[in-house]
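Asker: Below are the sequence and a predicted model; questions follow.
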Amino acid sequence: MTEGRGKSQRGQEAEHLAEGFLRLRGYKIVDRNFRTPMGEIDLVGLDGRTVVFVEVRSRSSTEFGLPSETVTRRKQSRIARAAGVYAAQRRLGNAETRFDVVAVKWREQAGEPEIELTKGAFESTI
């Protein structure tokens, strides 16, 4: 990561890295940055037949916690509400769904960031 990049640019780069990371693990990415007034879903993918709503979090330091720890109950609720809108618009019906978190930890020295996937990071009915 180049010094001086803003938070928004780092976030976009993290989402791009997460997408590639998930594709390598067999996910088919079907949507990106789905926005509603009540929340946003960073990535929507298929893991087999399961529709997966993916939250991407990144941090340049773990001083204040791990990236995945920043997905609070409030954030989970916003993602779940957005997922409900997505499911209704796409007429997913009773499709199996899951909420995953991809955490991107930028390294202080140059090099590839560390990427971690938490499948089923939280549960919610949509």
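Answerer: Great, that's in hand.
Asker: Could you say which helix or strand holds the residue nearest to the spatial centre of the chain?
Answerer: Of all residues in the chain, the one closest to the mean position by Cα atoms, centre = their mean is residue 55, 2.0 Å from it. Per DSSP states H and E, residue 55 falls inside strand 50-59.
Asker: Looks to me like residue 82 is in a strand.
Answerer: No. Residue 82 is assigned helix when assessed by DSSP: H, G, I helix; E, B strand; the rest coil, not a strand.
Asker: Contacts only, for it.
Answerer: 34-36, 38-41, 53 (Cβ atoms under 8 Å, 6 or more residues apart in numbering). The way it works is simple: take the backbone N, C-alpha and C, and place the C-beta from them, glycine included.
Asker: Likewise for residue 51?
Answerer: Residue 51 sits in contact with 44-45, 87, 92, 95-98, where contact means Cβ under 8 Å, 6+ apart.
Asker: Just those: which are in helices?
Answerer: Residues of those located in helices (DSSP state H): residue 87.
Asker: Now, of the contacts of residue 51, which are buried?
Answerer: Using 16 or more other Cβ atoms under 10 Å as the burial test, those include 44-45, 87, 97-98 as buried.
Asker: Using neighbour counts, pick out the buried residues of the helix-or-strand element of the chain with minimal mean pLDDT.
Answerer: Of the helices and strands making up the chain, the lowest-confidence element is helix 7-24, at a mean of 91, by mean pLDDT, DSSP states H and E. Within helix 7-24, the residues scored as buried using 16+ other Cβ under 10 Å are 10-11, 13-15, 17-19, 21-22.
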